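>>> here you go, sequence then predicted model.
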Amino acid sequence: MKKLGLITLLITILFCFNGIAKAQSIEDLVEMCRVVAGEASYIRDFKAQLDEGNPAPIKNQPFILARNTEYVFSICSSRELEGELIIELFDTSRLVTTNYSISTSKYYDRITFKCSTSGPYRLKMYFKDGKAGSAVVMLSMLKRV
Amino acid sequence: MKSTINIMLILSAIIISISSCNNASNEERMFAEARDSVNYDGELPVAKEVVSDMIQNVTSPIEMASLIKALNMPFSKNYLAPTDNLEKYVTNFEQALALGIYGADLGYINMYEKTSSVLAYISAMKDLANELKIGQFFDFNTLKDLATNSENIDSLVYISQRSFTKMDNYLRESQRSKLSSLMVTGVWIEGVCIASNVALKSNNEEVAEKIGDQKVILKTLLIILENYKKDTKVIDLVNKLKELEVFFDQVKISTIPGEPEMKEVNGSLCVIQNDITTIEISPETLSSIINKSIAIRNSIINQ
């Protein structure tokens, strides 16, 4: 009986520590994005932590990109929440690209973008179907085009 | 015996409940930590009102350095700001600008893998970051360890950049965006200054174009800095940058929009923008921009 109690205690401790070890922090997501970015040099990371909502809550992140540069956007969503991050990149007048293809329902966790116009861009970030989510988008620089 | 088992079961229950509380509070913290400003789609993709949020991404310490390296321009220590005069930077205004300048220099040193020069710059940055109460985000010890081994250059670049991002983020999150703006202004002015020195030595057309291309960034920086015009030191800096803007206004940038091209390569999406941008900058304008940029930067480091 005493053994049973001890086993229960050990299993509980293992369960708890295992749970803690698996919790994904923003830092974990940044590290995941770094792996996805591969050989590209880190420039910046953007957090998207949004509640559930209808319409889907949106985070806008403006920034500047430079021409003749190949950028990499790596996208990592936390597995602890349902939301999968969709990003849309706009220049000053139009949508340039997105990581989600509606026609094929395919997500891309890595986009390389050969930029040919320096200036302000905007990253629109939201989670598919307005689900709550936590994600990181990492902007890296691959090389000069 | 029974009481021992009971104690163990109670202990287990306590651990489980602490663990669940922990998970719940982690989740809450994940949301509260960076409570994002949730917006619904605006009309303009990049409106003037949002430009002031742009400061975090105006320029990065490695972008200009990376271009210069890609053009096979030789490294020169003479382009860098001295690190033996830290006592000159007394106010937070001066310290934030200097931190940006050293950040750009560190980016340049890292790009050229001149790890022997790293220590002086990370030491200076650590001191300035401590003065600005953001030293906890500057991973000095790791950077110092990495600098002793040139095989770690990727990690050195990454941790340098990431430390810079963390300091910048913290300044903005703690209502000190003015210092963040000044830090980024320092990065920018030093980047232009390094490119200017390279242009003076090499007469390279791409470097000249890259300098001309900074017109866009200067305009953005001025919009941001004008938010802090209550500070007389900022007014003085803005006035200097406006004198530089006069020369940048003579740079002609024209863009013919193209149709973005997308294809999947090895599971990644590759996008080519296909715009055609031309930058026209006369030798006189280039010379004026170079001289003015160097003068502004020197006025910051020799004040």
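Yep, that arrived. Numbers count the residues shown, from 1 in each chain, chains lettered A, B, ... in the order given.
>>> can you tell me if stretch B:264-271 touches chain A.
Yes. Stretch B:264-271 reaches chain A (CB under 8 Å from any CB of the partner chain) through B:264-265, B:267-271. Where C-beta positions appear, they are placed from N, C-alpha and C, glycine not excepted.
>>> got the buried residues for stretch B:160-177?
B:160-172, B:176-177 (16 or more other CB atoms under 10 Å in any protein chain shown).
>>> what bridges to residue A:70?
For residue A:70, the beta-bridge partners are residue A:114, residue A:143 (DSSP bridges).
>>> that one: how many residues sit nearby?
18 (other CB atoms under 10 Å in any protein chain shown).
>>> quick one, grab the pLDDT at it.
Reported pLDDT at residue A:70 in the predicted model: 94.
>>> so which of the buried residues of stretch B:160-177 are in helices?
B:160-172, B:177 (DSSP state H).
>>> on that earlier part again, now render the residues of stretch B:264-271 next to chain A as JSON lines, adding pLDDT, neighbour count and secondary structure.
JSON lines is the format used below for the residues of stretch B:264-271 next to chain A (pLDDT from 0 to 100; neighbours: other CB atoms under 10 Å in any protein chain shown; DSSP: H, G, I helix; E, B strand; the rest coil):
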{"residue": "B:264", "pLDDT": "93", "neighbour count": "12", "secondary structure": "strand"}
{"residue": "B:265", "pLDDT": "92", "neighbour count": "9", "secondary structure": "strand"}
{"residue": "B:267", "pLDDT": "90", "neighbour count": "9", "secondary structure": "coil"}
{"residue": "B:268", "pLDDT": "93", "neighbour count": "19", "secondary structure": "strand"}
{"residue": "B:269", "pLDDT": "95", "neighbour count": "22", "secondary structure": "strand"}
{"residue": "B:270", "pLDDT": "96", "neighbour count": "18", "secondary structure": "strand"}
{"residue": "B:271", "pLDDT": "96", "neighbour count": "22", "secondary structure": "strand"}
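>>> identify the farthest-apart pair in those.
The span of those, defined through CB to CB, is set by B:267 and B:271 at 14.5 Å.
>>> let me see the contact set for the residue nearest to residue B:276 when sequence neighbours are not counted.
Nearest residue to residue B:276, sequence neighbours excluded (CB to CB, 6 or more residues apart in numbering or on different chains): residue B:256, at 4.4 Å. Contact analysis of residue B:256 by CB atoms under 8 Å, 6 or more residues apart in numbering or on different chains lists B:275-277.
>>> need the three-state assignment for residue 83.
The chain I'm using is chain A. Put simply, residue A:83 is coil when judged by DSSP: H, G, I helix; E, B strand; the rest coil.
>>> actually, chain B is the one I wanted.
Under three-state DSSP, residue B:83 comes out as coil.
>>> surely it touches residue B:118?
No. In this structure, residue B:83 is not within contact of residue B:118 by CB atoms under 8 Å, at 11.0 Å.
>>> where in the chain is pLDDT low?
Picking chain A for this. Filtered on pLDDT under 70, chain A yields the residue ranges A:1-23, A:143-145.
>>> could you do chain B instead?
B:1-57, B:150, B:303.
>>> got the residue ranges for the strands in it?
Along chain B, the segments classed as strands by DSSP state E run B:252-256, B:261-265, B:268-272, B:276-280.
>>> of those strands, which is nearest residue A:104?
Here strand B:261-265 is closest among the strands of chain B (CB to CB), at 9.8 Å.
>>> the closest residue to chain B within chain A: how many residues sit nearby?
Using CB to the nearest CB, residue A:63 is the residue of chain A that sits closest to chain B, at 3.0 Å. Counted with other CB under 10 Å, the neighbours of residue A:63 add up to 21.
>>> how about residue B:62?
As a burial measure, residue B:62 scores 26 neighbours (other CB under 10 Å).
>>> skipping adjacent residues, who's closest to it in space?
In space, residue B:62 is closest to residue B:107, 4.2 Å off (CB to CB, 6+ apart).
>>> correct me if wrong: that neighbour contacts residue B:68.
No. Look at residue B:107 against residue B:68 with CB under 8 Å: they stay out of range, at 10.4 Å.
>>> state the next helix or strand along the chain beyond the helix or strand that contains residue A:86.
Element membership for residue A:86 (DSSP states H and E) is strand A:85-90. The first helix or strand that comes after strand A:85-90 along the chain, using DSSP H and E, is strand A:95-98.
>>> partner strands of that following strand, with direction?
strand A:85-90 (antiparallel).
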